[in-house]
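*Asks:* No sequence on hand, only this structure:
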Ligand SMILES: CC(=O)N[C@H]1[C@@H](OP(=O)(O)OP(=O)(O)OC[C@H]2O[C@@H](n3ccc(=O)[nH]c3=O)[C@H](O)[C@@H]2O)O[C@H](CO)[C@@H](O)[C@@H]1O
Ligand SMILES: C=C(OP(=O)(O)O)C(=O)O
């Protein structure tokens, strides 16, 4: 089957889709299983590429992974964790951000970790300097080798006092996953506190960890001797939920996102309402979620800035910008998390959008990327009629944006590289069909 979707645009998306466990929690919870001395069970695991990648990595390290009795249940048995062959691990080079998070758990279990070069979306430099600085403080020795990092802890790992220069999600997770079994107390300041991190803390707590989340981004972890397994139902994927909401708005549609949870999406919901989208929260335990729709009439332009939690999430930015091409007036979006997350706007302009990108910090506070030559602010003038085009998907969220633009556009678009979307969206083709989209494999 070709990696290509032919999309006939112009039909408002209408119907229901369901989101399951969050990509950005599941993969970390899978890594945490290596810390346990008994099996763990995760529920509601979506069939996405990132889960397959982490499953493969765990299996190469001797974790037995099996599907449970219920749909989306996955069981992890870490009884025989072992050193993986470097050649086999290298198959995963460039596949995702997750391998570096295996470092702490593998050091605790084996005293050694080989970490292949990382992948993930190409939206900036994405260095791992905070991870490595923290690991060295914990007592690890880090050596660069061909294709990755060779990391060992000849004298074990001990608690640290560490301040992040920026509240990095990955570095906070790295420190949590390492500190829980390190000797003594770790105090992390300027930590990230995204809902997925709090959910990871819940997972670790179920395993027996002692973690205190204080005010002002301070997390205190008391190392314990051993951890057990866990049973966990993850938070729903708030990025996927916002993506379908944006698709509903951009196409003039009405989409019920089953499983979406208001508490995790408050900032998105405020923006959605301020630009003229409507939503309704149904918090019934079964079949509940959030219904998002375009009420007709004009959408309003907005000024927004992406930020760490509780700010407007960077991963919501690309799908929402497509909806902003349909709003009346000038919207300004200042991307403060990644320096190169507007590459996808060139394709939207080719489809008739009017988006200019700027190197200045527009519409908000100066950020790390100002005056450094990065086009990280966008001005979107709307509304503009979108027309079909031939599109090549560059990364996960940009890919979903391209897809939304093709669905909103007049005519038939050809979208290449759609398999990239599987990395974070489960069954997206079936969901599109359920929403009445007209799209088929080319
Ligand atoms: C798998 C996963 O969960 N991915 C999410 C995670 O990515 P990820 O964990 O990679 O993102 P981070 O929060 O670490 O990155 C945020 C910023 O910190 C910088 N940084 C990070 C680490 C470091 O050692 N040095 C450094 O400078 C990055 O370049 C970036 O500018 O959080 C991001 C921010 O919410 C989301 O967009 C990603 O979807
Ligand atoms: C940037 C993202 O993911 P990753 O960190 O896995 O590249 C994303 O999910 O939008």
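*Replies:* The structure has been received and is ready for your questions. Note that the structure is a prediction, hence the values are computed from the model and not measured. Ligands and ions are numbered 1, 2, ... in the order given.

*Asks:* Please give the element, helix or strand, for the closest residue to ligand 2 within the stretch 151-300 of the chain.
*Replies:* Closest residue of the stretch 151-300 of the chain to ligand 2, C-beta to the nearest ligand atom: residue 239 (6.0 Å). All C-beta atoms are positioned from the backbone trio N, CA, C, and that covers glycine. Element membership of residue 239 [criterion: DSSP states H and E] is helix 238-250.

*Asks:* and that helix, what's its mean pLDDT?
*Replies:* The average of the pLDDT scores along helix 238-250 is 98.

*Asks:* One more: stretch 161-180?
*Replies:* pLDDT averaged over stretch 161-180 gives 98.

*Asks:* what are the phi and psi angles of residue 434?
*Replies:* Backbone torsions of residue 434, given as degrees, to the nearest 10, read phi -60, psi -20.

*Asks:* Isn't it up against residue 14?
*Replies:* No: contact criterion C-beta atoms under 8 Å: residue 434 and residue 14 do not qualify, at 9.6 Å.

*Asks:* does ligand 1 sit close to the helix holding residue 239?
*Replies:* No: judged by C-beta under 6 Å from any ligand atom, helix 238-250 and ligand 1 are separated, with a smallest distance of 7.0 Å.

*Asks:* Low-confidence bits of the protein, can you list those?
*Replies:* 1 (pLDDT under 70).

*Asks:* And it, split by domain according to the record?
*Replies:* Following automatic domain parsing, the chain resolves into domains at 4-19+236-441, 23-231.

*Asks:* touching ligand 1 at all, the shortest one?
*Replies:* Yes: with C-beta under 6 Å from any ligand atom as the threshold, domain 23-231 lies in contact with ligand 1, specifically through 24, 97, 124-131, 166, 168-171, 192, 194.

*Asks:* just checking: which of those residues also lie near ligand 2?
*Replies:* Okay, of those touching ligand 2 (C-beta under 6 Å from any ligand atom), that's residue 97.

*Asks:* Pretty sure residue 199 sits in a helix.
*Replies:* Yes: according to DSSP: H, G, I helix; E, B strand; the rest coil, residue 199 belongs to a helix.

*Asks:* Hmm, it is touching residue 22, no?
*Replies:* Yes: counting by C-beta under 8 Å, residue 22 is a contact partner of residue 199 at 7.4 Å.

*Asks:* Between these two, which has more neighbouring residues?
*Replies:* Set residue 199 next to residue 22 and count neighbours by other C-beta atoms under 10 Å: residue 22 wins out with 26 against 22.

*Asks:* thought the more buried one was touching residue 198?
*Replies:* No: with contact defined as C-beta under 8 Å, residue 22 does not count as touching residue 198 (11.4 Å).

*Asks:* contacting residues for the residue sitting furthest away from the middle of the chain?
*Replies:* What lies farthest from the middle of the chain is residue 155; by C-alpha atoms, centre = their mean that is 34.3 Å. By C-beta atoms under 8 Å, 6 or more residues apart in numbering, the residues touching residue 155 are residue 139.

*Asks:* Would you double-check that it falls in a strand?
*Replies:* No: per three-state DSSP, residue 155 lies outside any strand segment and is coil.

*Asks:* where exactly do the strands run in the stretch 1-150 of the chain?
*Replies:* 4-8, 14-18, 40-42, 64-67, 74-77, 112-116, 141-145, 148-152 (DSSP state E, counting those that start in this stretch).
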